[in-house]
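*Asks:* Coordinates only, no sequence provided:
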């Protein structure tokens, strides 16, 4: 387990609000280990060192609703939930990548497009849809993205093979272009 970055929610109360004494004790122990460790790796953590900028999501079992606490720091598993923050992004933008990309991946995995198959991505202009376009295209699918005509070049750059205007009748446009 590692200590992750400070949360992006600037409106959350400062400090630690604990409903369960065990959580408070665990956080204090983690902070003490971090202070004593200096800049090194925690036990069992190979990918990150203390002070590395990371972003990620908390496991469902560790959400505020499940644990009952707000904190400036959080302890999460070192694999599966945390990645190095992209150097070109601030923390707020980096935090938005994880959930949108993961949701796009789950959607593409559910469809499981084969190379050469055709996939319609409705909502391609949103965060999840933009990732889904790239992920489906990377698997070799022919991607039809819903977008405005002015955005066609952008979505072709993301990997869409064609776009349909979402301000019109999407079903009719797709049936006209793909009658089979």
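*Replies:* All right, it came through fine. Keep in mind that this is a model prediction, so the values were computed, not measured.
*Asks:* Three-state assignment for residue 164, please.
*Replies:* strand (DSSP: H, G, I helix; E, B strand; the rest coil).
*Asks:* Need the per-residue pLDDT for it.
*Replies:* At residue 164, the model reports a pLDDT of 97.
*Asks:* Can you identify the element that follows the lengthiest helix in the chain toward the C-terminus?
*Replies:* Scanning the chain for the longest helix, with DSSP state H as the assignment, gives helix 91-111. Next along the chain after helix 91-111, taking DSSP states H and E as the criterion, comes strand 118-121.
*Asks:* Determine the set of other helices and strands touching that following strand.
*Replies:* helix 127-138, strand 142-147 (3 or more CB pairs under 8 Å, 6 or more residues apart in numbering; DSSP states H and E). (Glycine included, C-beta is placed from N, CA and C.)
*Asks:* residues making contact with the first one?
*Replies:* Read that as helix 127-138. 96, 100-101, 103-105, 107-108, 111, 113, 119, 121-124, 143, 145-146, 155, 158-161 (CB atoms under 8 Å, 6 or more residues apart in numbering).
*Asks:* Out of these, which end up buried?
*Replies:* 100-101, 104, 107-108, 113, 119, 121, 123-124, 143, 145-146, 155, 158-160 (16 or more other CB atoms under 10 Å).
*Asks:* What backbone torsions are found at the nearest residue to residue 81 once chain neighbours are set aside?
*Replies:* Leaving aside its chain neighbours, residue 81 sits nearest to residue 56 (4.7 Å; criterion: CB to CB, 6 or more residues apart in numbering). When read as degrees, to the nearest 10, the backbone of residue 56 gives phi 170, psi -160.
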